[in-house]
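Visitor: generate coordinates for the sequence data below:
(chains A, B, C and D)
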Protein chains: 2
Amino acid sequence: MKVTDLARKLSITPDSVRYYTRIGLLNPRKNHTNGYRDYGQRDQLRLNFILSARQLGFSIDDIEQIIGIANQGETPCPFVRELIAQRLAETEEKFNSLVKLREQMSLALTQWKEEPNKEPTADMICHLIENFEHG
Amino acid sequence: MKVTDLARKLSITPDSVRYYTRIGLLNPRKNHTNGYRDYGQRDQLRLNFILSARQLGFSIDDIEQIIGIANQGETPCPFVRELIAQRLAETEEKFNSLVKLREQMSLALTQWKEEPNKEPTADMICHLIENFEHG
DNA sequence: GTTGACTTGTGAGTTACTCACAGGTTTAGC
DNA sequence: GCTAAACCTGTGAGTAACTCACAAGTCAAC
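Guide: Have a look, this model is predicted:
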């Protein structure tokens, strides 16, 4: 398979496939007659794994580590379990700050409906922002 | 004021103050006897504005544009109103994908409690990830 | 006068791609 | 057989908003 074929099969861009190849997560054979990469069944499975892991919130670095463990013949499952707990906790944190941000923003949007526009002064750029009463 | 003084006043790191200075959002005077930056009242107001805007989800680039408008003597308020509506919409989108991610992750955590660890094979790195039944 | 705690400007690292580029290859149509 | 379009290669750079590191200069306290 050429890069575009593999990309199409898994509904991603050829550039992403090239990226995973560049960083060594995919290891296609090289067609020596034309220099093209030749992706096989193994690469497709591997890419599928990568995409599943990404969907679950694992980072590229996580994925490299998981693969590294598996390559040594050990089960990566315990590591994967630990990791997802960590990543979930981080996601919860992000989630919480995003909730707060969203609240602030929509509060501002509401409050500002009652406010006029003002010209800037030496001490003030935008009174909306500067005088916003955050919760 | 020196960099650390200003940083301490607004509870951020000296490095952040240096960063805002480096990209031109702050313009301290230069003490020519020692080369140190000398931040004044104006810089403190400016930094306060920057931090307020960042808290409301504006990007550094947004802030530069807002300041640019104010520097031309025009009111940046209409622009600011448009911008926050846009940024809020983006935040909602991020929020929605984060909600989905969080669901997936905690679903995985739950499902995996029933699953054993497995050794990797030629076709499988981690069955937990590969066989995860996402919603 | 020495030590420790500052300061400067600048370069690089962070994440996971995405885009661009110069140059080589393949394919379809004529 | 020829040409143009559409592919492929490896690599460098761009993204956001800091954060860290470094070499070299300065200041404060003892």
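Visitor: buried ones in the longest helix anywhere in chain A?
Guide: Scanning chain A for the helix with the most residues, using DSSP state H, yields helix A:77-113. By 16 or more other C-beta atoms under 10 Å in any protein chain shown, the buried positions in helix A:77-113 come out as A:77, A:79-81, A:83-84, A:87-88, A:91, A:95, A:98, A:101-102, A:104-105, A:108, A:112. The C-beta positions use only the backbone N, C-alpha and C, and glycine is treated the same way.
Visitor: same question, stretch A:42-60
Guide: So stretch A:42-60, judged by 16+ other C-beta under 10 Å, has buried residues A:43-44, A:46-47, A:49-53, A:55-58.
Visitor: does it come close to DNA strand C?
Guide: Yes: judged by C-beta under 7 Å from any atom of the strand, stretch A:42-60 comes into contact with DNA strand C through A:R54, A:S59, A:I60.
Visitor: need the contact partners of that stretch.
Guide: When contacts are taken as C-beta atoms under 8 Å, 6 or more residues apart in numbering or on different chains, the neighbours of stretch A:42-60 outside the stretch itself are A:1, A:6, A:9-10, A:12, A:17, A:20, A:23, A:25-28, A:62-63, A:66-67, A:83-84, A:87-88, A:91, B:101, B:104-105, B:108, B:123, B:125-126, B:129-130, B:132, B:134.
Visitor: what about it, average pLDDT?
Guide: In this model, stretch A:42-60 has an average pLDDT of 98.
Visitor: same deal with stretch A:88-95?
Guide: Averaged over stretch A:88-95, pLDDT sits at 97.
Visitor: the contacts of stretch A:42-60: which ones sit near DNA strand C?
Guide: A:I12.
Visitor: now, which of the contacts of stretch A:42-60 lie within helices?
Guide: Among these, the subset assigned to helices under DSSP H consists of A:6, A:9, A:17, A:20, A:62-63, A:66-67, A:83-84, A:87-88, A:91, B:101, B:104-105, B:108, B:129-130.
Visitor: let me see the contact set for A:N131.
Guide: With C-beta under 8 Å, 6+ apart, A:N131 has no contacts at all.
Visitor: measure it to DNA strand D for me?
Guide: Here the criterion is C-beta to the nearest atom of the strand, to the nearest Å. By it, A:N131 lies 21 Å from DNA strand D.
Visitor: quick check: phi and psi on that residue?
Guide: Listed backbone geometry of A:N131 is phi -100, psi 10, with angles given as degrees, to the nearest 10.
Visitor: what pLDDT does it get?
Guide: In this prediction, A:N131 carries a pLDDT score of 96.
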